[in-house]
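S.K.: need a structure here:
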Amino acid sequence: MMERIAALSPAVICLTEAFEGSTADLGGFEISVNGVSWSKETPLERKVVLWSGMPWTDIDCIGNEDLQSGGFIAATTRTPLGEIRVLGVCVPYHLASPMGLSPRCPAWSQQVLFLAGLRQIIGSTGPRLPTVVLGDYNQFVPRIWGSLEASFALSEALNDLVICTDGQIKGVDRPAIDHIALSADLKPLSIQGIDEYDANGRKLGDHFGVAVRVGLDTASVSVRP
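M.R.: Here you go, the predicted structure:
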């Protein structure tokens, strides 16, 4: 999967439930966060891994207490479009519960909690850099099944950001639960899926990937060079 991602020459990569060092062959700069443990993990497993060809600044691995129910990391990096604020997320799946907790958390409760925390982060900022929220949302958009409350919580959390990976994804012809949301000063130029099966039908990962080529919406706020 990393070879397929690298072939797209991305400026930014987000991996979820991956391993620290997954992007080592690309050079550049990787940051990651452990996040909560829902099951037994190996020492290098990370809920979110972010990569950029340029250094990361203003790194936030906590966000707030509610975001500790999943995986969250935010940072700023320079791209061909200028500086971008990137929020990498691994939203809890519907049956998520911290390992060892008894009784287990009710279904969807950890996802709703995480999204409440994300809403605080996105909604509390004033004038901001162009912003991308990407990662494993653990929801189909539009909703196919699952909790109406969680679907509403996602919409509320993103505030004025717009998910550009809704519906069927070109190249894989399936809906995604991994998404990319853009602030109003950014616009999607192209969207494509990255198939998770090799030529022999062997599965390379649990999810297919999603790649979005992003441009500036010149009618909106400008970016810092």
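S.K.: Ala75: which element?
M.R.: Element membership of Ala75 [criterion: DSSP states H and E] is strand 71-79.
S.K.: so how many other residues sit close to Asp178?
M.R.: 21 (other Cβ atoms under 10 Å). Heads up, the C-betas are built off the backbone N, CA and C, glycines and all.
S.K.: Please apply the same query to Glu45.
M.R.: Other residues close to Glu45 by other Cβ under 10 Å number 16.
S.K.: Report the separation between it and Lys203.
M.R.: To Lys203, Glu45 is 19 Å away according to Cβ to Cβ, to the nearest Å.
S.K.: Asp60 now?
M.R.: 33 Å.
S.K.: again, but for Lys187
M.R.: Taken as Cβ to Cβ, the span from Lys187 to Lys203 is 33 Å.
S.K.: Look at the two and report which has more neighbours.
M.R.: Taking other Cβ under 10 Å, Lys187 and Lys203 do not tie; Lys187 has more neighbours (17 against 9).
S.K.: Hmm, Val212 and that one touching each other?
M.R.: No - between Lys187 and Val212 there is no contact under Cβ atoms under 8 Å: 10.0 Å.
S.K.: residue boundaries of the helices in this structure?
M.R.: Taking DSSP state H as the test, the helices found in the chain are 2-6, 109-123, 148-158.
S.K.: Give me whichever of those is most buried.
M.R.: helix 109-123 (a mean of 21; mean count of other Cβ atoms under 10 Å).
S.K.: Give me the angle between it and helix 148-158.
M.R.: 20 degrees (axes from the mean of the first three to the mean of the last three Cα atoms, to 10 degrees).
S.K.: who touches helix 109-123?
M.R.: 63-70, 72, 74, 87, 89, 91-94, 96-97, 131, 133, 138-139, 147, 149-150, 153-154, 156-159, 161 (Cβ atoms under 8 Å, 6 or more residues apart in numbering).
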